[in-house]
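Trainee: here is my input, please return the structure:
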Amino acid sequence: MAKIDQAEKNKIKELFNNNLQQEVNLAFFSKETECDYCADTEEILNELTELTEKLAYQKYLLNSDKAAEFGIDKAPAIIFLDQNGADLGVHFFGIPSGYEFTSLIEDILDVSDQSRIDLAEEIKTEIKSISEDVLLQVFITPTCPYCPRAVRVAHQMAILNPAITGEMVEAIEFQDLSSRFNVSGVPKTVINSGAAEQVGAVPAKTILKKIKVSQKNSTVTAE
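Mentor: Numbering: from 1, shown residues only. Down below sits the predicted model:
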């Protein structure tokens, strides 16, 4: 059974035809057993790649050398790659369904044409100036209408700066990780493995402030 209905496919195909500039390549990581949503996630990717020649993906198992290379330890997982096959830092852990399906489509468009990223120029400049590695883990559920905004901020930051990794984490699929970071409501953005956090969908400038807090906290801890 198709995961995307025909009317929606028609809209997405037109959107891709009109907006995709560069080719977009994805890596999909799956498990052969004990993965409730791996097959569904792969079907979504199959249906999307049928809509345009500018979108493609390669499938790998979670215990593969490629998973180890990219540090992928959960499945299903989707990561975006640059034109040389390097990790762009745009990650999905869990099925991109419900409201998060929109995030996946928007990320495809943004990676293909970064000029679409709708952040103020001064915010883009500040994002690009970050030199230390930053991990943004955005915990979501597919039924949360506010979650895509938080995911989009993290992913746009990752697209703009290779030092930043933005991860969508489906909170119900990965309950152990949600418990580790005390996720009781979504969206929740965990910065640098808990050095700072932000609950709710907030502008990029707010996340930038929290990144600075996380870096300061990390410095204090190191001392």
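
Trainee: packing partners for the helix ranked longest in the chain?
Mentor: Counting by DSSP state H, the longest helix found in the chain is helix 204-222. With contacts taken as 3 or more Cβ pairs under 8 Å, 6 or more residues apart in numbering; DSSP states H and E, helix 204-222 sits against helix 121-128, strand 134-140, helix 147-160, strand 188-191, strand 196-199. All C-beta spots, glycine's among them, are computed from the backbone N, C-alpha and C.

Trainee: how far away from the center of its chain is the least confident helix or strand in the chain by mean pLDDT?
Mentor: Lowest by mean pLDDT, DSSP states H and E among the helices and strands of the chain is helix 204-222, with a mean of 84. Here helix 204-222 shows a centroid-to-chain-centroid distance of 21 Å under the convention Cα atoms, centre = their mean, to the nearest Å.

Trainee: the inter-axis angle of that helix versus helix 147-160?
Mentor: Counting by axes from the mean of the first three to the mean of the last three Cα atoms, to 10 degrees, helix 204-222 lies at 70 degrees to helix 147-160.

Trainee: tilt between helix 204-222 and helix 121-128?
Mentor: Using the same axes, to 10 degrees: helix 204-222 against helix 121-128 is 30 degrees.

Trainee: 269 is where my numbering starts, stick with that
Mentor: From this message on, residue numbering opens at 269, which makes the last subject helix 472-490.

Trainee: give me the residues contacting helix 472-490.
Mentor: Residues from elsewhere that reach helix 472-490 (Cβ atoms under 8 Å, 6 or more residues apart in numbering): 387, 391, 394-395, 398, 400, 402, 404, 421-422, 424-425, 457, 459-460, 463-466.

Trainee: give me the buried entries from these.
Mentor: Among the contacts of helix 472-490, those classed as buried by 16 or more other Cβ atoms under 10 Å are 387, 391, 394-395, 398, 402, 404, 421-422, 424-425, 457, 459-460, 463-466.

Trainee: quick one, phi/psi of the residue sitting nearest the centre point of the chain?
Mentor: The residue lying closest to the centre of the chain (Cα atoms, centre = their mean) is His359, at 3.5 Å. Note on His359: backbone dihedrals following degrees, to the nearest 10 are phi -120, psi 140.

Trainee: list the contacts of it.
Mentor: His359 touches Ala345, Ile346, Ile347, Phe348, Thr433, Gly434, Glu435, Met436, counting by Cβ under 8 Å, 6+ apart.

Trainee: which of those lies closest to Pro413?
Mentor: Nearest to Pro413 among the contacts of His359 is Met436, at 14.9 Å by Cβ to Cβ.

Trainee: kindly provide the distance from that closest one to Glu291.
Mentor: Met436 is 22 Å from Glu291, where distance means Cβ to Cβ, to the nearest Å.

Trainee: more crowded one of these two?
Mentor: Using other Cβ atoms under 10 Å, the more surrounded residue of Met436 and Glu291 is Met436, with 29 against 13.

Trainee: tell me the SS of that one?
Mentor: strand (DSSP: H, G, I helix; E, B strand; the rest coil).

Trainee: so it bridges to which residues?
Mentor: Taking DSSP bridges, one obtains Phe360, Val406 as the residues bridged to Met436.

Trainee: hmm, Leu404 and it touching each other?
Mentor: No - between Met436 and Leu404 no contact is recorded; they are 9.7 Å apart, counting by Cβ atoms under 8 Å.

Trainee: shared neighbours, those two?
Mentor: Between them, Met436 and Leu404 share the contacting residues Ala422, judged by Cβ under 8 Å, 6+ apart.
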